[in-house]
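Chemist: Provided below for reference: sequence and predicted model.
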Amino acid sequence: MPQLNYAPTKTNLLKLKADLSFAQQGYELLDQKRNILIIELLSLVDQTVDHQSRVERALAEAYKALEEAVFDMGKLKVQYLTGAVNMNTDITVKSRRVMGVSLPVVETVFTERSPYFSPMGTTFWIDSALQSFKEALNLLGKLSELKISVLRLANEVKRTIRKVNALEKIAIPDLRDTLHYIQGRLEENERDMFTLMKMVKRNLDAKRQRARETSRG
């Protein structure tokens, strides 16, 4: 039985052949897209795990350095010094595309100026904490970029898989079944027409033969 509602005509046969070819090409392209997306997704997942660990280490080092500075200088003086840090942080978000999917690109830029305090009488833990927090902030920007990219790619992979499965398991089989059905019906009609033409020819030949015999008599 046909899966699609098409009359068994040569016009529909040609149309179904074109539709099947188009569906197969679409399947191949989507299958390639799925594979590329999965490879990119797995790469970003690995990078995300790595950056998560690096962020945790950087934050642990930063807070450790800050605790040491408080221990050496006292909490009030450290609070004063942190408020005197003269630095700007610019975070820009751009984008890149992977197989039509827009992914963020986070860039963190630090603009440093001379601090509003004298380094005399301060502990080196202040500089250590500052550098560690800068590293952690930079890594956090990259980590957010990676996590958002992973989510978007995962969603696109799911959508692409649904499309691939729909073509592979529903659309293409239905088109093939319907194409096979119409081809069978057309071949059957041709055989019936051939048989009918043979019968008509035999009848005509018989009539001509009788007509010749009658004319001779």
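Modeler: Sure, I can see it.

Chemist: any idea how far stretch 153-167 is from the chain center?
Modeler: 7 Å (C-alpha atoms, centre = their mean, to the nearest Å).

Chemist: how about the CA coordinates for that stretch, as CSV?
Modeler: Extracted as CSV, the C-alpha positions of stretch 153-167 are listed here (Å, rounded to 0.1, in the frame of the first residue of the first chain):
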residue,chain,number,x,y,z
LEU,A,153,25.3,23.4,20.1
ALA,A,154,23.6,20.7,22.1
ASN,A,155,20.2,22.2,21.2
GLU,A,156,21.2,22.4,17.5
VAL,A,157,22.4,18.8,17.6
LYS,A,158,19.1,17.7,19.0
ARG,A,159,17.1,19.6,16.3
THR,A,160,19.4,18.2,13.6
ILE,A,161,19.1,14.6,14.9
ARG,A,162,15.3,15.0,14.8
LYS,A,163,15.4,16.2,11.2
VAL,A,164,17.8,13.4,10.2
ASN,A,165,15.6,10.7,11.9
ALA,A,166,12.5,12.2,10.3
LEU,A,167,14.0,11.9,6.8
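
Chemist: give me the mean pLDDT for the top helix by length along the chain.
Modeler: In the chain, with assignment by DSSP state H, the single longest helix is helix 10-73. For helix 10-73, the mean per-residue pLDDT is 92.

Chemist: next SSE after it?
Modeler: helix 75-83 (DSSP states H and E).

Chemist: how far does that next one sit from the chain's center?
Modeler: For helix 75-83, the distance to the chain centre is 49 Å (C-alpha atoms, centre = their mean).

Chemist: that one versus helix 10-73: what angle between them?
Modeler: Orientation of helix 75-83 against helix 10-73 (axes from the mean of the first three to the mean of the last three C-alpha atoms, to 10 degrees) gives an angle of 130 degrees.

Chemist: list the buried ones in helix 75-83?
Modeler: 77-78, 81 (16 or more other C-beta atoms under 10 Å). (C-beta placed from N, C-alpha, C; glycine too.)

Chemist: related to what we said a few turns ago, which elements pack onto the longest helix of the chain?
Modeler: helix 75-83, strand 87-98, helix 124-166, helix 172-216 (3 or more C-beta pairs under 8 Å, 6 or more residues apart in numbering; DSSP states H and E).

Chemist: residue 6: which of the ones you listed is closest?
Modeler: Nearest to residue 6 among the helices and strands packed on helix 10-73 is helix 172-216 (5.7 Å), distances taken as C-beta to C-beta.

Chemist: what packs against that closest one?
Modeler: By 3+ C-beta pairs under 8 Å, 6+ apart, helix 172-216 packs against helix 10-73.

Chemist: quick one: the helix it packs on to helix 124-166, angle?
Modeler: Helix 10-73 runs at 170 degrees relative to helix 124-166, counting by the same axes, to 10 degrees.

Chemist: ok now helix 10-73, how far from the chain's centre?
Modeler: 9 Å.

Chemist: same deal with stretch 207-217?
Modeler: For stretch 207-217, the distance to the chain centre is 80 Å (C-alpha atoms, centre = their mean).

Chemist: list the contacts of it.
Modeler: Residues outside stretch 207-217 that contact it (C-beta atoms under 8 Å, 6 or more residues apart in numbering): none are found.
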